[in-house]
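Participant: no sequence on hand, only this structure:
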């Protein structure tokens, strides 16, 4: 008796009126959105534009769905084209049946078309998307839980998956290894590994994507070996085991060769984004240069101005201002020295000044005696004027 197990849902579809809402489809859709969201964040961190990953996913996702379905139908053709098969059932994707190998291969073709239209290198885009792909797969695997498919061998471990019987499709009830859960957890580990390695070693030129492929294949090989659903065998191994081994070798070889031929990471992943950044920087630089030039011109005008004494509105003399230049200051100092020379140290007029002052009344008196205070024309002399006499005239003796 099983004491613990993981129950399976009683149904994988809920009807909203006439519209069926299938758990398998929801898991796929949610996985796609999460993968694109994480891929966009990584793309922007690498220097790309936000939204570019989603634009290219418009090409990659439809191609991936078609590729995944084609791989499933080709490798498991009996229910569709075998004896008693129904070919139209090949289009019923919602019933399950998507091969990850075909999804990645044809999805890469769609991504290449989208990258080519935008001038973006496909390896750089794949590197940014790699962890998101792994997480998208982890979410998408829960669609197998809703459909009760792709489980492993019978077991009684506490985390065994409870499967209900369905004679119509030959399903036998019991507890089985939840291989969908194993692959979900493995894919989450792969995403963490790629993110860590990308930061630690700066993986570029498709090497982050190659690491994702190699790590996924390593886990898929042993998980596939546990499954009990019908599959083609080659040399005793399931076809998907062989596929995982071959793809693993190719991915590791690419890692080694790419690291030798093209070490490091791409400097530019989206030329259009770099061009837009450059134009913005040029515009900002031009504005800064114009501002600096205007500021320098204003500063030069201020330095070239000479202070001028302003005349007040009432007409009174304005306060003395500092001389405008060195020449004016020198002239002012000379005038001060001359004024000081005319005054003795005790503040009284000098002897020369007193003699000159005493001679002035005598000269005025002599002039008045000779001319009677009038000039030869008979006009009175103006105040302060003195006559100049020739030498030896006898008048105006001092």
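Facilitator: Nice, I can see it. Quantities reported herein were computed from a predicted structural model and do not represent experimental measurements.

Participant: flag the shaky bits of the stretch 1-150 of the chain, pLDDT-wise.
Facilitator: Residues of the stretch 1-150 of the chain meeting the criterion pLDDT under 70: 1-3.

Participant: residue contacts, the closest residue to residue 24 other than its chain neighbours?
Facilitator: Distances taken as C-beta to C-beta, 6 or more residues apart in numbering put residue 143 closest to residue 24, at 3.6 Å, once the chain neighbours are dropped. Placement of C-beta: from N, CA and C, glycine included. Counting by C-beta atoms under 8 Å, 6 or more residues apart in numbering, residue 143 touches 23, 24, 25, 26, 27, 28, 96.

Participant: among the residues you listed, which pair sits farthest apart?
Facilitator: Farthest apart among the contacts of residue 143 by C-beta to C-beta are 26 and 96. That separation is 13.1 Å.

Participant: buried stuff in stretch 16-32?
Facilitator: 22, 23, 24, 25, 26, 27, 28, 31, 32 (16 or more other C-beta atoms under 10 Å).

Participant: my bad, stretch 90-109
Facilitator: For stretch 90-109, by 16+ other C-beta under 10 Å, it's 90, 93-94, 96-109.

Participant: where do the helices sit along this structure?
Facilitator: Along the chain, counting by DSSP state H, helices occupy 23-45, 52-75, 78-81, 100-118, 122-140, 142-147, 179-201, 207-226, 239-261, 271-304, 326-341, 351-371.

Participant: mind putting those into a markdown table with distance to residue 11?
Facilitator: Converted to a markdown table, the helices of the chain look like this (distance: least, C-beta to C-beta, whole Å):
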| stretch | distance to residue 11 |
| --- | --- |
| helix 23-45 | 9 |
| helix 52-75 | 23 |
| helix 78-81 | 21 |
| helix 100-118 | 25 |
| helix 122-140 | 19 |
| helix 142-147 | 8 |
| helix 179-201 | 17 |
| helix 207-226 | 26 |
| helix 239-261 | 28 |
| helix 271-304 | 47 |
| helix 326-341 | 103 |
| helix 351-371 | 131 |
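
Participant: residue 8 touches residue 165, doesn't it?
Facilitator: No: the pair residue 8 / residue 165 is not scored as a contact, 11.2 Å apart, by C-beta atoms under 8 Å.

Participant: quick one: which of the two has more around it?
Facilitator: Using other C-beta atoms under 10 Å as the criterion, residue 8 and residue 165 rank with residue 8 on top: 19 against 11.
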